[in-house]
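Engineer: build the 3D model from these lines:
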Amino acid sequence: RGGGTVSHSPGTIPGARGGTPKACQTGRPSMDFSGGNGGGGGAGGASQRGASAEQNPLVQRYRQWAGETPFVTRSLMQLVVAMFIFSLFVPSNALVNIPYFTVMYLEVYRILLAPLLSRGILSLVFALMSFYRTGATLERAYGSAAFGILVSTVLVGTQAIFITIAFMAALGGDMSAIFWVAQGFWLVVMGLMVIDCVADTNPTRRLFVVQIPSKYYPLVTFALWLVFMGPRMDMACSLMIGYAYAFHKLDWLQPSAERIRQWEDTMLGPVTRRPGYISCSAASGMEAWHMMNNPNAGGYDAWGASAPPASPTPASRPAGPSSAQTEGRTLGGETGRALTR
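Structural biologist: The predicted structure is shown next:
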C-alpha cells in the first residue's frame, strides 16, 4: 500500500504475531526514543536535575555530616526523626510507655518505642543537638557494637526502673502511678550524657555562661528540666542508669572485647562494612575525649567539622573493650582500670 516496499527478516511473517509490527508494514514512520532531541531530552533533564541536587548546599552538608558521623549515632538520629514523623499519624498514647498497658496488656513494644518518640519539635531538635556530641564521642571511644549495647542498656534499663517504681507506688496506695507516662529521646540522651561527662578529660563544661564540673553537669541539666518542665520520674530513672554505668555498677552487662570481635567476624560482618562503623579494634578509648576537647590539635569539634583519625595508633590510645587491667582514668574518674572493658 502507498507504493512502499516492506522488508522483513527471513522466517518472519508480516502482520503475524511475533512478526513485524503493522506500523512498519504500512510504511508509517516509527518513533525512535533511543537518541536525538526527543530521547536525549529526558536523560539530559534527569542528569541536570542530578547535577543541581549535587550542588545543593543542603545535600552537600548532609553528605558531609553522614560521612563524618559514626554509624550507630547517625542511624539512631535518623531513626528518631523517622519515628517523630510516624508519631504524627498515630494516637499520642499508642506508643509511649504507660506501665498499666505495658505490663497488664503485655504491650512490651512500648519499652522500645517510647524513648524514640519526642514530645515536640523543639524537644526533638535540642535532644538531637545534645546527642550528636555525646553519641559520637562515646561511639568513637567504645566502638560501634559496644556503643549500640550501651544505648540498649540505657534505653531498656530506664524503662524497667520506671515501671518498677510506678507499680511500687501503686502498691503503696497511689493507683494513678501505673498511668504515668515515660516518653522522649531525652531519656536516652540524659543517661548517655552522664557517662560522657564522668569520663570527660575536661574537668568543666560550659552551660550558657557558667562553668560547671563535668561530673555534675547532668544533674544541673536535670535541675533545669525540673524548673521549666516540672517533675520527670522517667528522666530521674535515666540519670540513675547513667551514673550506675559510669561508676561500674553495670559492667556485667557489657560483653568482653573478645566476644565483640567474634560477633564482628560473624553475624555483624555485613554491618561492619557500613560507612562510619568503628570496629572494636579501632575504638579510641580515652583518646576520644582528648580529640573532642582539642579540635585544633588534629581532633574534631562537636559538629564534626574535622573528621577524627580512622584508627589511632595503639601507642596513642587504650585498647578496645577488654577485661585487662591498665593504668588510666576510668569512667568513674579514678586511676586503675581503663575506660574500655
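
Engineer: now the spatially most central residue of the chain: how far from L88?
Structural biologist: Nearest to the geometric centre of the chain sits L76, at 1.9 Å (Cα atoms, centre = their mean). Noted for L76: a distance of 20 Å to L88, by Cβ to Cβ, to the nearest Å. Where C-beta positions appear, they are placed from N, C-alpha and C, glycine not excepted.

Engineer: likewise for T272?
Structural biologist: Applying Cβ to Cβ to T272 and L88 gives a distance of 34 Å.

Engineer: where does pLDDT dip in the stretch 201-341 of the chain?
Structural biologist: 295-341 (pLDDT under 70).

Engineer: show me where it has helices.
Structural biologist: Ranges of helices in the stretch 201-341 of the chain, per DSSP state H, counting those that start in this stretch, are 217-229, 233-246, 257-265, 269-272, 287-293.

Engineer: got a markdown table for those helices, with distance to A177 and mean neighbour count too?
Structural biologist: Formatted as a markdown table, the helices of the stretch 201-341 of the chain follow (distance: least, Cβ to Cβ, whole Å; neighbours: other Cβ atoms under 10 Å):
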| stretch | distance to A177 | mean neighbour count |
| --- | --- | --- |
| helix 217-229 | 19 | 14 |
| helix 233-246 | 9 | 22 |
| helix 257-265 | 38 | 17 |
| helix 269-272 | 40 | 12 |
| helix 287-293 | 39 | 22 |
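
Engineer: need these in a markdown table (columns: distance to G191).
Structural biologist: Formatted as a markdown table, the helices of the stretch 201-341 of the chain follow (distance: least, Cβ to Cβ, whole Å):
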| stretch | distance to G191 |
| --- | --- |
| helix 217-229 | 9 |
| helix 233-246 | 4 |
| helix 257-265 | 21 |
| helix 269-272 | 24 |
| helix 287-293 | 18 |
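
Engineer: hmm, I98 is touching F179, no?
Structural biologist: Yes - assessed by Cβ atoms under 8 Å, I98 is found in contact with F179 at 5.9 Å.

Engineer: if you count surrounding residues, which of the two has more?
Structural biologist: I98 (23 against 13; other Cβ atoms under 10 Å).

Engineer: so who does that one touch?
Structural biologist: R110, I178, F179, W180, V181 (Cβ atoms under 8 Å, 6 or more residues apart in numbering).

Engineer: isn't the third one up against T102?
Structural biologist: Okay, so that is F179. No - using Cβ under 8 Å, F179 is not in contact with T102, being 10.9 Å away.

Engineer: quick one, helices of the stretch 1-150 of the chain?
Structural biologist: Going by DSSP H, counting those that start in this stretch, the stretch 1-150 of the chain shows helices at 22-25, 36-55, 57-68, 71-87, 99, 109-113, 121-142, 144-171.

Engineer: contacts for the fifth one?
Structural biologist: Under the contact criterion Cβ under 8 Å, 6+ apart, helix 99 has outside partners F162, I163, A166, F167, A177, I178, F179, W180.

Engineer: could you measure the third one against S176, distance?
Structural biologist: When distance is defined by Cβ to Cβ, A166 is 9 Å away from S176.

Engineer: these two: who's more crowded?
Structural biologist: A166 (26 against 9).

Engineer: dump the residue contacts of the more buried one.
Structural biologist: P99, A177, I178, W180, M233.

Engineer: most surrounded residue in these?
Structural biologist: In the contacts of A166, the most neighbours by other Cβ under 10 Å go to P99, 23 neighbours.

Engineer: what's the nearest residue to it if we skip its chain neighbours?
Structural biologist: Nearest in space to P99, with sequence neighbours left out and distances taken as Cβ to Cβ, 6 or more residues apart in numbering, is A166 at 4.2 Å.

Engineer: before we move on, back to that, inside strands: which ones of the contacts of I98?
Structural biologist: Judged by DSSP state E, strands contain none of the contacts of I98.

Engineer: now render those residues as JSON lines, adding distance to K249 and pLDDT.
Structural biologist: Shown next, in JSON lines, are the contacts of I98 (distance: Cβ to Cβ, whole Å; pLDDT from 0 to 100):
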{"residue": "R110", "distance to K249": "26", "pLDDT": "96"}
{"residue": "I178", "distance to K249": "27", "pLDDT": "96"}
{"residue": "F179", "distance to K249": "30", "pLDDT": "96"}
{"residue": "W180", "distance to K249": "25", "pLDDT": "96"}
{"residue": "V181", "distance to K249": "27", "pLDDT": "95"}
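
Engineer: which of those residues sits closest to E54?
Structural biologist: Comparing the contacts of I98 against E54 with Cβ to Cβ places R110 closest, at 41.8 Å.

Engineer: ok so, going back, looking at the helices of the stretch 201-341 of the chain, which is closest to T137?
Structural biologist: helix 287-293 (5.2 Å).

Engineer: who are the packing partners of the closest one?
Structural biologist: helix 121-142 (3 or more Cβ pairs under 8 Å, 6 or more residues apart in numbering; DSSP states H and E).
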